[in-house]
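**Q** no sequence on hand, only this structure:
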């Protein structure tokens, strides 16, 4: 199966998800056996208007492991022609002369869709504002699948600033595809999940519940998905930031209250919402997620660039 | 033919220009057939004291398409030893231990020439202050040649801030080599082309004329070369910036007034001096220029690095 | 011999130093014969929390000359998750999913050791605050060895801000391994070498002497090792910076007073502590050091990555 662009979680159906997970498993084998050259003579442009070393290096490593090449800018907002007033669409039209695929991180929700309108090469959305971050959700799903072999009937707690977190939004869209899933939105009152997602879940018969008490929810679920309270998304709401900061912390007590087979995820970076004392707990999968991110991105690059 | 350094438009004679254009055509074939490895084991250092994602990625893509490797800094002014007081010449002496060719963008006119004084590897000037930007002019010329098969008797309008624009300066030097060329300098009164270029044109028997009225000139010429009013070059002259900004705009009316075979060029990025409504007009060649930039730079890298 | 991590000068014994120098010589041959592919399919992450184009590009060039690949951030402090509050150890755990070796430059002394605690891939310390910069010292030693075939009984003057200079600290540790070495610490009164190094030298029976007069010491020594007064390390001590700045300058008079076979070293960048008029003096080895840095780093990459 070929993928044209990777823009938002909603674009993936169950069949395509299965195919991506199968490819990711294959990529795991390739990565551990020293890489491959299937993307030789392909150039990927990583264009980050909002710096993110983690995501950028994950994509770049994925491309290199498959034998491809990279051109890159880690601070496009300041360094590229955007600073001179150029439109994103002009930038995309330019970049596609230099590359075979464009990985775009932007500070504005909807940027990836705007890029696609003029694109002649595949666009991968590596996060657009408070919009989506679909490759993160795909690696989240891949990690869950590795632990439970499927998604049916899973109970998942999404924890943190759910109003502004794009990873929890994209993940909700993907979980909604599977039967019997139940989602617990655990957030401060002032940073609750937005209505569009709640309505989407209802249309897809996914049960959800809201809570402000993580210790109550922790023993109930198969997956706790912690997220950071992102100061950079709350610059104009310092009171809400203060209320939310430090409100939810997974420490030894919380993780010990979880089911035996349950797992703890986090898109990273973490600040203090997961105590380092639980890093070695077998339920802690956040560094496994990092590694899975490489395999999932390798899979996506292959599926975008090779028929 | 081997090129030692690429420093300024004046260094190219007609014979060498023809050779570069021939190589660029060959590079177009190579790029579309998946690249080559002729520059394998060659390292290019891209050192940008003034950020320009467009130009940097164009050079880097050119190097990669030919199988070469890259080391790069996109903000040398802040990140390199320049911030600690090192001279450009010391930097060049250092970089040539790490690379086989240096692509230099600098904020000071004359920087490329200073670099050449100590260089043991080829230096390519990727723009130095309000000095020159020779590879831009070469791709401009290549694009003109593709449309008209030659340059004799062409009438060319250069439009915008002609006082500070380095692309229009370099292009003037190159056009002056061909018989019967006529140049129209279209600029606000306060940003006219400097005398050194006018005198150069006169010494080479090139006719030129000045105007402040683009609509009057548009129907007369084969080439309109629009440029952006660069705020960053007019920081200390806000009045002149305000006068110039928005003064010349190619919209549907202007482009429709052009000759049928005429073309519209722009070095990009554009802000609003070309309306997006004319992007699909067959005369609009600015995204073609971007692509040609890749081929011309591939040609130059080959001619600098291979005998 | 395999090296696990490169963290500090003290980790190298004489036998290992000899092995590194032998490998560096071999690398010199490889570099001049067009590179090799022994590190093909290996990825190096260069993560610089403190920008240093010189050191970063030296490592990257070394990796490329051996056929390896690179992922890189030149301003990790601002661009990476550090800006969002992530710990260095979390960053390292993440990066090792994307790379086979990590080259780390950090603004805090001890950062490399902290990284090693969680690392599953080799870490190379590319400078940590006022701590160490071991690869610089190895290339310094390699350059000295090329000139004198050994280190026994050498008299070496270390000149500049010895309190905050990490290169002079690391170099002291390495010189202390050889018999009969004598070190002259030439610094302003306010920026003298710290006691820990002096005590280390005494424990290893290395003679040392302090001076504020370079012209008196210059004729006595085989090696003058000049360093820059680093304004960035003295931001809170402007008086000391002013006292030190310009205090020691090697000009034609000083270099002519040196022994015939003596050499002048500098880790670069220089500001004005070595006059450009002595650049072509046969004793001036600082650009040779730059080149040797490439060979030594190639050797270290090989020894870290290949059994």
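**A** Sure, I can see it. Here the structure is a predicted model, which is why all the values come from computation and not from measurement.
**Q** separation between the closest residue to residue A:99 other than its chain neighbours and chain C?
**A** Among residues not flanking residue A:99 along the chain, residue A:45 sits closest, at 3.7 Å (CB to CB, 6 or more residues apart in numbering or on different chains). Heads up, the C-betas are built off the backbone N, CA and C, glycines and all. Taking CB to the nearest CB, to the nearest Å as the measure, residue A:45 and chain C are separated by 15 Å.
**Q** ok, and what's touching the host helix or strand of residue A:45?
**A** Using DSSP states H and E, residue A:45 falls within strand A:43-48. Residues outside strand A:43-48 that contact it (CB atoms under 8 Å, 6 or more residues apart in numbering or on different chains): A:55-56, A:59-60, A:63, A:68-76, A:80, A:91, A:95, A:98-105, A:126, A:301, B:53, B:57, B:61, B:64-65.
**Q** partners of it in the sheet?
**A** Sheet pairing of strand A:43-48 (DSSP bridges) gives strand A:69-73 (parallel), strand A:101-106 (parallel).
**Q** state the mean pLDDT of the helix or strand that contains residue A:302.
**A** Element membership of residue A:302, judged by DSSP H and E, is helix A:286-305. Helix A:286-305 shows a mean pLDDT of 98.
**Q** so what's the residue nearest the centre of chain A up against?
**A** Centroid-nearest residue in chain A: residue A:136, 1.7 Å away (criterion: CA atoms, centre = their mean). Residue A:136 sits next to A:55, A:127, A:166-167, A:170, A:267, A:293 when contact means CB under 8 Å, 6+ apart.
**Q** give me phi/psi at the spatially closest residue to residue A:193 that is not a sequence neighbour?
**A** Counting by CB to CB, 6+ apart, residue A:193 lies nearest to residue A:162, which is 4.0 Å off, once chain neighbours are set aside. Here is the backbone geometry of residue A:162 (degrees, to the nearest 10): phi -80, psi -20.
**Q** would you check how far apart residue A:162 and chain B are?
**A** In terms of CB to the nearest CB, residue A:162 sits 34 Å off from chain B.
**Q** how many other residues sit next to that residue?
**A** 21 (other CB atoms under 10 Å in any protein chain shown).
**Q** would you state the predicted confidence (pLDDT) at it?
**A** Looking at residue A:162, the pLDDT reads 94.
**Q** let me see the contact set for it.
**A** Counting by CB under 8 Å, 6+ apart, residue A:162 makes contact with A:168, A:185, A:187, A:191-194, A:227.
**Q** farthest-apart pair in those residues, please.
**A** A:194 and A:227 (14.5 Å; CB to CB).
**Q** so between those two, which is more surrounded?
**A** residue A:227 (24 against 12).
**Q** so which residues of chain A form helices?
**A** A:14-32, A:53-65, A:76-79, A:88-95, A:111-118, A:134-148, A:166-175, A:195-203, A:214-217, A:238-244, A:252-257, A:286-305 (DSSP state H).
**Q** could you tell me the least trusted of those helices?
**A** Taking the mean pLDDT of the helices of chain A, helix A:76-79 comes last: a mean of 73.
**Q** contacts for it?
**A** By CB under 8 Å, 6+ apart, the list of residues contacting helix A:76-79 reads A:47-50, A:73, A:82-83, A:91, A:107, B:51-53, B:74-75.
**Q** ChimeraX command for the buried members of those?
**A** The buried residues among the contacts of helix A:76-79 can be selected in ChimeraX (16 or more other CB atoms under 10 Å in any protein chain shown) with this line:
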select /A:47,48,49,50,73,82,83,91 /B:51,52,53,74,75
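**Q** nice, that's everything, thank you.
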